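K.L.:
what's the 3D shape of this:
(one chain, ligands or ions: 1)
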Amino acid sequence: MAGAAPGQLNLHESPIWGSRSVDVFQKLEQIGEGTYGQVFMAREIETGEIVALKKIRMDNEKEGFPITAIREIKILKKLHHKNVIQLKEIVTSPGPEKDEQGRPDGNKYKGGIYMVFEYMDHDLTGLADRPGMRFSVPQIKCYMKQLLTGLHYCHVNQVLHRDIKGSNLLIDNEGMLKLADFGLARSFSSDHNGNLTNRVITLWYRPPELLLGSTKYGPSVDMWSVGCIFAELLHGKPVFPGKDEPEQISKIFELCGAPDEANWPGVTKLPWYSNFKPNRPMKRRLREYFRHFDRHALELLERMLTLDPTQRISAKDALDAEYFWADPLPCDPKSLPKYEASHEFQTKKKRQQQRQHEEAAKRQKLQHPPPHSRLPPIQQSGQSHGQMRPGPNQPIHGSQSSVPAAPGHHYGKPRGPAAGGPNRYSQSGNPSGGYNHPNRASQGGSGGAGYGNAPYPQQGRGPPYGSSGPRGGGTSGGYGAGAPNFQQGGAPYGGSGTGRGSNINRNQQQYGWQQ
Ligand SMILES: Nc1ncnc2c1ncn2[C@@H]1O[C@H](COP(=O)(O)OP(=O)(O)OP(=O)(O)O)[C@@H](O)[C@H]1O
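P.N.:
Residues are numbered from 1 along each chain as shown. Next up is the predicted model:
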């Protein structure tokens, strides 16, 4: 078998793949910047078709073509489902490339390699971050059902996604949701007994078994992430926004209770259990904390955010949950509103620009305050002005001119939230005030309140598994605070599901494919 030429892929099954140049596309706009490369919206010049081009980052690669890209391509080639992103083709650029500003892009390999995907208008994080965005209950059900359907398909085909998060859930203006970014995915088999890395899944969505060091795991790891997304959709913000692994596991235990041999047989044998063993009892508080959720939603969430992976609900069983069969039913994707394109990369960029504008405006205001705007409330002639200091545009009266400047007194720090805009995710580790640790005040460090003092095991790992927060940064996420059912008590969805067939029938009827 002939090897592939440097910079080329050896894709025997589809000889056409990799044979076209990226020049058949016109890049329109950058829509994503991930760990593994940039993503562009592009138009195929001949057909006018809009696609997404994901450029495979090669500049950090010592070993040639990156393994993550090989995995992603291999896996996506075998997955064909309406809720899984379609990889259409691979294209290459034969010569050295320029970046967006026309500078050489520093890629030591000549040329670049791109994955060509069907284009999707939004990712869930970008969509949720739109100002004033509110998802309706049928809309949340519709997205969740599609997410679970796509994931069930992956699991049946023995693929673990291992990076389920909002920015990897793509949505088009037909309301279709597709799983994307299979860069950390891998095949598994139920009889596979080997060890897998526990350095996967973006921190906020990472399940407790991986945080406790498990290297033998299965599809249930993805189901934990789905539970985090589900809770986030209902709650309006991420539920476990840890800034590092100890804080992450602390947040999980505070809400889901501490694991022990009774609720999770075998947990004490996990490699890092003793490092994180709480030194006080911690009760499960999920029901109490999310008591405002609809009854069926809460039931399902409970089964997704189950500590013991062997007891966690599967994608298939989740699709059968009462939640999806009780009123209001999931809406038809096509009935969903169409939104202007929104990807996490763009919404972040917009927010950043807005912050810069606000900061510039504030600076401007401080340097040139409008006349009188900063004068003390009462300023009478003959009154001693003490430390008052006029602004640069203000007339200087009498002795005021000799008052030494007092930086930071009236013209110092602006009041209100710190410049840079409100921080949506508490750095203190208490995202919503609901599961505050009673001992927190007396604890130093980054969370882990109430845990054994043993240090978190050192893990020699850098990107892509980011030990200090999720890939994509901490400003993302948060699905429309105050999502419509946030305030609802009781069971607003009313009666139970309408007459349904067996579980198998449901899946066959609803999802159009067999296991
Ligand atoms: N097919 C697509 N259509 C539209 N946008 C896309 C598409 N694929 C990716 N994107 C956008 O680009 C972003 C990054 O893509 P992707 O997650 O595949 O790259 P990555 O390098 O693996 O990123 P990360 O490090 O966040 O996992 C996505 O969050 C999404 O906003």
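K.L.:
pull stretch 43-58 out as CSV, backbone CA atoms only.
P.N.:
Provided in CSV are the C-alpha atoms of stretch 43-58 (Å, rounded to 0.1, in the frame of the first residue of the first chain):
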residue,chain,number,x,y,z
ARG,A,43,-18.8,29.2,-0.8
GLU,A,44,-18.1,26.6,-3.4
ILE,A,45,-17.4,28.8,-6.4
GLU,A,46,-18.9,26.5,-9.0
THR,A,47,-22.1,25.6,-7.2
GLY,A,48,-22.6,28.5,-4.8
GLU,A,49,-23.0,26.0,-2.0
ILE,A,50,-22.2,27.3,1.5
VAL,A,51,-19.9,25.0,3.5
ALA,A,52,-17.8,25.1,6.6
LEU,A,53,-14.0,24.6,6.1
LYS,A,54,-12.1,23.4,9.1
LYS,A,55,-8.4,24.0,8.7
ILE,A,56,-6.3,21.3,10.3
ARG,A,57,-3.7,22.9,12.5
MET,A,58,-0.3,21.5,11.7
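K.L.:
neighbouring contacts of whichever strand in the chain runs longest?
P.N.:
The residue-count maximum for a strand in the chain (DSSP state E) belongs to strand 25-33. By CB atoms under 8 Å, 6 or more residues apart in numbering, the residues outside strand 25-33 that reach it are 38-45, 50-54, 91, 100, 116, 123, 341, 343-346. For every residue, glycine as well, the C-beta is placed using N, CA and C.
K.L.:
would you map the helices across this protein?
P.N.:
67-78, 124-128, 137-156, 208-211, 220-235, 245-256, 273-276, 286-289, 295-304, 315-319, 344-367, 503-511 (DSSP state H).
K.L.:
and stretch 199-218, anywhere near the ligand?
P.N.:
No - using CB under 6 Å from any ligand atom, stretch 199-218 stays clear of the ligand, coming no nearer than 7.5 Å.
K.L.:
offset the numbering so it begins at 31, please.
P.N.:
In the new count, where the first residue is 31, that last one comes out as stretch 229-248.
K.L.:
quick check: mean pLDDT of that stretch?
P.N.:
Taken as a whole, stretch 229-248 has an average pLDDT of 95.
K.L.:
which residues of this protein lie near the ligand?
P.N.:
Checking the chain against the ligand by CB under 6 Å from any ligand atom, the hits are 61-62, 64-67, 69, 82, 84, 115, 147-150, 153, 156, 193, 197-198, 200, 210-211, 213, 373-375, 501-502.
K.L.:
out of the residues you listed, list just those in strands.
P.N.:
Ile61, Gly62, Val69, Ala82, Lys84, Phe147, Glu148, Asp153, Leu200.
K.L.:
pretty sure Trp106 sits against Ile120.
P.N.:
Residue 106: Leu, not Trp. No - checked against CB atoms under 8 Å, the pair Leu106 and Ile120 is beyond contact range at 10.5 Å.
K.L.:
sorry, back to before: of the ones in strands among the residues of the chain next to the ligand, closest to the ligand?
P.N.:
Gly62 (2.0 Å; CB to the nearest ligand atom).
K.L.:
quick check: closest non-adjacent residue to the closest one.
P.N.:
The shortest distance from Gly62 to any residue other than its chain neighbours is 3.2 Å, reached at Val69 (CB to CB, 6 or more residues apart in numbering).
K.L.:
in the stretch 181-330 of the chain, where is pLDDT below threshold?
P.N.:
Residue ranges of the stretch 181-330 of the chain with pLDDT under 70: 221-222.
K.L.:
now the ones in strands among the residues of the chain next to the ligand as CSV including neighbour count and distance to Arg385?
P.N.:
CSV is the format used below for those (neighbours: other CB atoms under 10 Å; distance: CB to CB, whole Å):
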residue, neighbour count, distance to Arg385
Ile61, 25, 21
Gly62, 23, 20
Val69, 24, 23
Ala82, 22, 27
Lys84, 26, 28
Phe147, 20, 31
Glu148, 17, 33
Asp153, 30, 21
Leu200, 26, 26
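K.L.:
could I get those in TSV, plus columns for distance to Ile259?
P.N.:
Output for these, formatted as TSV (distance: CB to CB, whole Å):
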residue	distance to Ile259
Ile61	21
Gly62	19
Val69	21
Ala82	21
Lys84	22
Phe147	21
Glu148	22
Asp153	12
Leu200	13
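K.L.:
among those, which one sits closest to Pro276?
P.N.:
Asp153 (28.9 Å; CB to CB).
K.L.:
wait, the closest one sits on Asp202?
P.N.:
No - the pair Asp153 / Asp202 is not scored as a contact, 10.7 Å apart, by CB under 8 Å.
K.L.:
number of nearby residues for Met150?
P.N.:
Look at Met150: counted by other CB atoms under 10 Å, it has 22 neighbours.
K.L.:
okay but it is in contact with Leu209, surely?
P.N.:
No - Met150 lies out of contact with Leu209 (CB under 8 Å); the separation is 10.9 Å.
K.L.:
now do the shared contacts for those two.
P.N.:
Contacts common to Met150 and Leu209, judged by CB under 8 Å, 6+ apart, are Ile115, Leu200.
K.L.:
which stretches of the stretch 331-480 of the chain have low pLDDT?
P.N.:
For the stretch 331-480 of the chain, the ranges with pLDDT under 70 are 399-480.
K.L.:
for the ligand, what's the nearest residue on it?
P.N.:
His373 (3.5 Å).
K.L.:
let's test this: mean pLDDT of stretch 152-163, rounded?
P.N.:
91.
K.L.:
pull up the distance across it, start to finish.
P.N.:
Start-to-end span of stretch 152-163 (CA to CA, to the nearest Å) is 13 Å.
K.L.:
what do you get for stretch 199-210?
P.N.:
6 Å.
K.L.:
on that earlier part again, looking at Leu106 and Ile120, which one has more neighbours?
P.N.:
The residue with more neighbours, out of Leu106 and Ile120, is Ile120; 23 against 20, by other CB under 10 Å.
K.L.:
test my guess that that one contacts Lys107.
P.N.:
No - using CB under 8 Å, Ile120 makes no contact with Lys107, being 9.9 Å away.
K.L.:
with adjacent residues omitted, what lies nearest to Glu74?
P.N.:
Using CB to CB, 6+ apart and skipping the chain neighbours, the partner closest in space to Glu74 is Phe55 (5.5 Å).
K.L.:
tell me, how many neighbours does the one you found end up with?
P.N.:
Neighbours of Phe55 (other CB under 10 Å): 22.
K.L.:
what pLDDT is listed against it?
P.N.:
95.
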